[in-house]
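Peer 1: from the sequence below, what's the structure:
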Amino acid sequence: MKTKIALLIDVLEDIKGGAERQVYELVRGLDKEFFEVALYVLHGTAVPDEIKSHCHTSKGLGIKRIYDLKGILSGLRFARELRKNKAHFLMTYHFASDIWGTIWGHWGGITNIVSNRRDTGFWKKKAHILAYKFVNRRVWKVIVNCEASKNRVIADEGVSVEKIEVICNGIDLLRFEQPFNNEQIRKSLSLSKDDCVITSVGNLRPVKGQEYLIEAFKMIVKSCPKARLVLVGDGHLKESLKLKTRDLRIEDKVFFLGKRDDIPEILAASDICVLPSLSEGMSNAILEYMAVGKAVVATLVGGNQELVDDGETGILVKPGNSAHMAKAIRNLISDKDLSVALGEAGKKKAYEEFSANRMIEDYQRLFGGVSKKEIRILHLISSNGLYGAEKVLLSIAENMNSNGVKSMVVPIKNLHNPHSELFNEALKRDIPAQIVESQGRFDRGTVDQLVELIHQNRISIVHSHNYKADFVGLLAARKAQIPIVATNHSWTNTDLKLRMYEFFDGLLLRKFNKVVAVSEQVRTDMLKAGIPATKITVIDNGVPLNKEAGDAAKLRVEFGISGSALIVGCIARLSLEKGHTYLLEAAKKITDDSHNVYFILFGEGPLEGELKDRVKELGLEKRILFAGYRNDMGNVYSAIDVLVQPSLREGLPLSLLEAMSYGKAVIATSVGAVPELITNMQTGLLIKPASVEKISQSLKTLINDSQLRVELGKNAREFVKARYSLEKMISSYRQVYKEVATPT
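Peer 2: Residues are numbered from 1 along each chain as shown. Next comes the predicted model:
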């Protein structure tokens with residue numbers, strides 16, 4: 001699905017003006033494989049053919065006043081059209097479009113409204129600023145083209161820094177790489193090859209400061225009679241400026257060319273280029289001067305000083321100071337080596353920092369396309385802590401933030417059961433993360449929050465990780481018109497409520513683009529639920545194998561366990577399907593026979609109180625310890641001697657994989673994908689579920705045979721390394737994302 005962008009600009013008679021040219025470069029350059037552009041002209045009735053051809057839709061609205069009845073009625077139609085076309089972004093240019101477009105764009109359901117500031121606001125009066133302050137509450141981003149404009153927006157309009165994006169102007173450098181015939185160009189302009197041509201490009205209006213350039217030119221011709229001044233552009237000051245040249249008796253040396261389509265050719269045939277503005281944002285004219293390799297003289301205003309490094313890529317002069325300007329131009333006329341050096345340095349800077357391609361990439365990052373290769377994933381989960389599914393999610397997100405795929409983690413924070421462990425861990429690992437709130441089991445507001453996140457972060461695919469995330473994610477993905485995939489980490493099927501949720505989850509997953517099963521058993525369960533086989537991909541969980549060993553002694557000191565004692569660990573959520581009760585009964589048998597074995601249960605969950613009560617009943621408070629949630633799992637795996645996984649239901653348990661990757665002996669029940677991991681007496685001990693006797697017998701075997709523990713641990717590590725590597729899992733998920741992002 002393409003990202004739909006609506007652009008609204010006050011006027012667009014041609015593509016010769018600064019903002020107009022930038023709109024043209026943007027529309028022309030956006031990757032049409034990923035973006036669909038609709039262009040609207042507020043005050044005009046037509047769109048120039050050269051820009052229309054690059055738009056999916058273009059329309060002149062012909063509105064004269066934005067606040068009269070016609071303007072309001074047109075606004076309602078505009079809002080309906082945006083809503084009907086399901087535009088993802090609305091970007092406005094110039095004051096009327098910024099105000100009118102923001103109001104009606106908001107009515108049209110656009111959450112991502114982007115407003116542009118192309119100058120430093122020299123024209124703004126109090127009413128303009130108040131209008132901007134009113135609509136800025138509805139604006140997602142304010143785009144400025146230079147730091148000077150950014151500072152003015154902050155000072156005048158009170159816009160927060162976080163809301164502002166600086167995207168510098170960019171120009172099509174190919175326009176300036178032609179093999180120009182300068183002698184022929186000069187001849188066509190009635191200029192000789194010996195003339196010293198000084199050129200300035202800009203609309204003829206007071207803020208552009210041409211009157212000061214004409215006064216400076218009068219001073220220049222006294223010492224350089226071959227100097228000629230070429231003014232490119234049109235405007236209401238044209239006649240008064242011509243009159244000024246006559247009053248100064250230099251009318252035969254000043255050429256008013258009006259609007260031109262051959263600006264690159266004119267600049268190439270010039271010697272020095274000047275921008276005498278009294279106020280400026282980021283000047284396209286200066287960029288064009290630099291691109292053609294000409295020495296630049298510009299006033300020290302606005303973004304000019306961000307383009308021109310005084311004495312390195314050009315010369316900066318005081319605004320409104322004709323004498324200062326004349327002196328700078330005379331220096332360049334008399335020192336041709338300096339003029340050439342400044343021109344070459346300016347050209348290098350233009351090519352390195354201000355190409356149209358660079359500008360397009362910045363906008364594509366803003367809008368979410370980034371490049372043809374980049375895919376953005378939003379991982380969604382209703383989290384109860386930091387357990388197997390959360391750890392797999394983090395592994396995918398952390399290791400997928402490269403090579404064209406970027407991830408963010410979005411936990412659903414439930415009002416009745418809030419958990420922040422996943423969010424905190426994501427931030428700790430420098431993974432982008434954002435919480436969405438949920439006031440109930442199924443809160444429509446959660447969907448709306450998620451849709452806004454999708455648009456703001458330009459998400460390509462939603463990846464959900466449990467039944468609530470599946471439901472919310474599907475609604476949001478459909479509303480945002482993007483694909484959705486899910487990972488089924490397992491259906492526990494432990495009670496009536498969960499069976500009902502999992503039944504409906506099966507119905508939902510039929511509508512997903514792709515569903516990942518973490519084992520063949522999970523795949524079989526999903527096939528029974530009616531999910532098409534073509535939508536299911538089996539991807540085994542993977543774990544990193546190059547982790548540094550933790551501090552085993554630290555855990556023993558914490559719990560007061562001697563170095564000679566043996567530690568049996570169980571790492572699982574304290575819930576019914578994990579089978580802890582059978583382990584407790586087996587522990588009673590073991591401790592009756594041995595005085596040097598300790599059991600530590602790692603994790604939290606709804607059965608915690610019940611399990612602690614049972615430990616007290618068994619009189620094992622000193623031998624069975626509850627460690628709760630841990631964020632030092634390296635220390636945990638290093639400290640334990642044996643891991644027991646007594647589950648009644650499982651998918652592909654991550655804690656089992658992790659223990660094996662640390663070279664630990666494991667005992668696990670033959671449920672879910674566990675038999676794919678454990679070959680009895682080779683990579684661990686495999687036992688039937690719900691059997692106190694089997695757990696206690698297996699524990700006695702490993703407690704009494706240290707050599708067997710070492711051998712099983714070594715074999716387990718080699719097996720995980722060969723089949724369940726993190727790299728293999730990441731590669732498989734990457735392939736799923738690519739298939740979903742580019743459907744055939």
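Peer 1: tell me how far the residue lying closest to Ser279 once chain neighbours are set aside lies from Gly628.
Peer 2: Leaving aside its chain neighbours, Ser279 sits nearest to Phe122 (3.7 Å; criterion: CB to CB, 6 or more residues apart in numbering). (Each C-beta comes from the backbone N, C-alpha and C, glycine too.) Phe122 sits 62 Å away from Gly628 when distances are taken as CB to CB, to the nearest Å.
Peer 1: neighbour count winner among those two?
Peer 2: Phe122 (15 against 11; other CB atoms under 10 Å).
Peer 1: and the helices in the stretch 101-250 of the chain?
Peer 2: Applying DSSP state H, counting those that start in this stretch to the stretch 101-250 of the chain gives helices spanning 126-135, 147-157, 182-188, 210-223, 238-247.
Peer 1: CA-only coordinates of stretch 246-266, as PDB, when you get a sec.
Peer 2: Presented in PDB, the C-alpha positions along stretch 246-266 are these (Å, rounded to 0.1, in the frame of the first residue of the first chain):
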ATOM      1  CA  ARG A 246      17.900  56.100 -15.500                       C
ATOM      2  CA  ASP A 247      18.200  58.500 -12.600                       C
ATOM      3  CA  LEU A 248      21.700  57.000 -11.900                       C
ATOM      4  CA  ARG A 249      22.500  57.100 -15.600                       C
ATOM      5  CA  ILE A 250      23.400  53.400 -15.800                       C
ATOM      6  CA  GLU A 251      20.300  52.200 -17.700                       C
ATOM      7  CA  ASP A 252      22.500  51.000 -20.700                       C
ATOM      8  CA  LYS A 253      24.500  48.800 -18.400                       C
ATOM      9  CA  VAL A 254      21.600  47.100 -16.500                       C
ATOM     10  CA  PHE A 255      19.500  44.400 -18.100                       C
ATOM     11  CA  PHE A 256      16.000  43.400 -16.900                       C
ATOM     12  CA  LEU A 257      15.400  39.900 -18.200                       C
ATOM     13  CA  GLY A 258      12.100  39.200 -16.500                       C
ATOM     14  CA  LYS A 259      11.200  35.500 -15.700                       C
ATOM     15  CA  ARG A 260      13.300  33.100 -17.600                       C
ATOM     16  CA  ASP A 261      13.500  29.300 -18.200                       C
ATOM     17  CA  ASP A 262      17.200  29.400 -19.000                       C
ATOM     18  CA  ILE A 263      18.600  30.400 -15.600                       C
ATOM     19  CA  PRO A 264      21.400  27.800 -15.500                       C
ATOM     20  CA  GLU A 265      22.600  29.200 -18.900                       C
ATOM     21  CA  ILE A 266      22.500  32.800 -17.700                       C
END
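Peer 1: assign Asn424 to helix, strand or coil.
Peer 2: Three-state call for Asn424 (DSSP: H, G, I helix; E, B strand; the rest coil): helix.
Peer 1: against Leu316, how distant is it?
Peer 2: 49 Å.
Peer 1: below-threshold pLDDT in the stretch 451-600 of the chain: ranges please.
Peer 2: 494, 546-548 (pLDDT under 70).
Peer 1: ok, for the residue nearest the centre of the chain, nearest residue in space, not its chain neighbours?
Peer 2: The chain has Asn457 as the residue nearest its centroid, 4.8 Å off, counting by CA atoms, centre = their mean. Nearest residue to Asn457 in three dimensions, chain neighbours excluded: Met408, at 6.2 Å (CB to CB, 6+ apart).
Peer 1: quick one: contacts for Gly713?
Peer 2: Residues near Gly713 by CB atoms under 8 Å, 6 or more residues apart in numbering: Met660, Tyr662, Gly663, Lys664, Ala665.
Peer 1: where does the closest residue to the second one other than its chain neighbours sit, in terms of helix or strand?
Peer 2: Counting by CB to CB, 6+ apart, the nearest residue to Tyr662 once its immediate chain neighbours are dropped is Tyr637, at 4.1 Å. Remark: Tyr637 resides in helix 633-639, with elements defined by DSSP states H and E.
Peer 1: now do the helix or strand that that helix is followed by: distance to the chain's middle.
Peer 2: The helix or strand immediately downstream of helix 633-639 is strand 642-645, counting by DSSP H and E. Computed by CA atoms, centre = their mean, to the nearest Å, the chain-centroid distance of strand 642-645 equals 41 Å.
Peer 1: next, give phi and psi for the residue nearest to Ser279.
Peer 2: Dihedral pair for Phe122: phi -60, psi -20, per degrees, to the nearest 10.
Peer 1: the helix holding Tyr637 packs against which elements?
Peer 2: helix 552-559, strand 566-571, helix 654-661 (3 or more CB pairs under 8 Å, 6 or more residues apart in numbering; DSSP states H and E).
Peer 1: which of the ones you listed is buried the deepest?
Peer 2: Highest mean neighbour count among these (mean count of other CB atoms under 10 Å): helix 654-661, with a mean of 26.
Peer 1: which other residues reach the helix or strand just after that one?
Peer 2: Downstream of helix 654-661, the first helix or strand assigned by DSSP H and E is strand 665-669. Identification of contacts with strand 665-669 by CB under 8 Å, 6+ apart yields 579, 641-648, 650, 653, 656, 659-660, 674, 677-678, 683-690, 695, 698-699, 702, 708-710, 712-713, 716.
Peer 1: strands - which of those land there?
Peer 2: Counting by DSSP state E, the contacts of strand 665-669 place Val642, Leu643, Val644, Gln645, Leu685, Leu686, Ile687 in strands.
Peer 1: now do the contacts for the second one.
Peer 2: So the one you mean is Leu643. Contacts of Leu643 (CB under 8 Å, 6+ apart): Val568, Gly569, Cys570, Ile571, Ser655, Leu656, Ala659, Lys664, Ala665, Val666, Ile667.
Peer 1: what's the separation between it and Asn116?
Peer 2: Leu643 is 59 Å from Asn116, by CB to CB.
Peer 1: sorry, back to before: comparing Asn424 and Leu316, which residue is more hemmed in?
Peer 2: Comparing Asn424 with Leu316 by neighbour count (other CB under 10 Å), the higher total belongs to Leu316, at 20 against 14.
Peer 1: helix/strand/coil for that one?
Peer 2: Leu316 ends up strand, using three-state DSSP.
Peer 1: run through the bridge partners of it.
Peer 2: Ala298 (DSSP bridges).
Peer 1: where in the stretch 1-150 of the chain is pLDDT low?
Peer 2: For the stretch 1-150 of the chain, the ranges with pLDDT under 70 are 1.
Peer 1: how about the strands in the stretch 151-300 of the chain?
Peer 2: 164-166, 196-201, 227-232, 254-258, 272-275, 295-299 (DSSP state E, counting those that start in this stretch).
Peer 1: and the fifth one, which strands flank it?
Peer 2: It refers to strand 272-275. Short version: by DSSP bridges, strand 272-275 pairs with strand 196-201 (parallel), strand 295-299 (parallel).
Peer 1: what would those look like in CSV with mean pLDDT, mean neighbour count and distance to Val516?
Peer 2: As requested, these are exported to CSV (pLDDT from 0 to 100; neighbours: other CB atoms under 10 Å; distance: least, CB to CB, whole Å):
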stretch, mean pLDDT, mean neighbour count, distance to Val516
strand 196-201, 97, 24, 57
strand 295-299, 97, 28, 57
